[in-house]
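K.L.:
predicted model and sequence below, questions to follow.
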Amino acid sequence: MLCNRLVVDVHAMDFIFNHVRSTYPREAFGVLLGYFSGDAYIVKRAIALEKGYSSEFSFSIDYREWLERVLAGVKQGLCYIGMYHSHPDAEPLPSTEDVHTMIQCPGEVWLIVGVWSDGRVEYAAYTIPGPGCGIARLVVEFL
């Protein structure tokens, strides 16, 4: 299934915006949970990951915490859609490190949120649909 849209519940997006603002100037990160419908990834919940490492320029997750959050979502009938993370004082474009990680997980969605000191945010979503495919930008909509 090839999805070209990311449809995010407004409460989930508010959660993400508040999370990235609260951790500024460090990167924030978390998981996106929801389901697939036609040409869209539908995000119903965003859950912050807090046990990893983050700085102004990078982050790394605690894989045990990631797995616990994903499995908790599955028990609630949700699918793993992907990750969100912030880029403090930067546009929401994938870094080289982001792209390298995305290549390892084809089909995973990455929602990137640029956040600035004045609280302003910009966002964009990306995926690498499959092996040998380039990076694709998804249309982001709200539910």
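P.N.:
Structure's in. What do you need?
K.L.:
what sits against Ala136?
P.N.:
Shown in contact with Ala136 (C-beta atoms under 8 Å, 6 or more residues apart in numbering): 4, 126-129. For the C-beta atoms, the positions are set from N, CA and C on the backbone; glycine is no exception.
K.L.:
helices of this protein, residue ranges please.
P.N.:
10-23, 63-75, 96-104 (DSSP state H).
K.L.:
which one, of these, ends up nearest to Gly52?
P.N.:
The closest of those to Gly52 is helix 63-75. By C-beta to C-beta, the value is 7.2 Å.
K.L.:
now the closest one, how far from the chain's geometric center?
P.N.:
15 Å (C-alpha atoms, centre = their mean, to the nearest Å).
K.L.:
before we move on, what about stretch 134-143?
P.N.:
The answer for stretch 134-143 is 11 Å, by C-alpha atoms, centre = their mean.
K.L.:
could you do stretch 129-143 as well?
P.N.:
Using C-alpha atoms, centre = their mean, the offset of stretch 129-143 from its chain centre is 12 Å.
K.L.:
go through that stretch and flag the buried ones.
P.N.:
Within stretch 129-143, the residues that count as buried by 16 or more other C-beta atoms under 10 Å are 138, 140.
K.L.:
just the endpoints, please. Distance across that stretch?
P.N.:
The straight-line separation of the ends of stretch 129-143 (C-alpha to C-alpha, to the nearest Å) is 23 Å.
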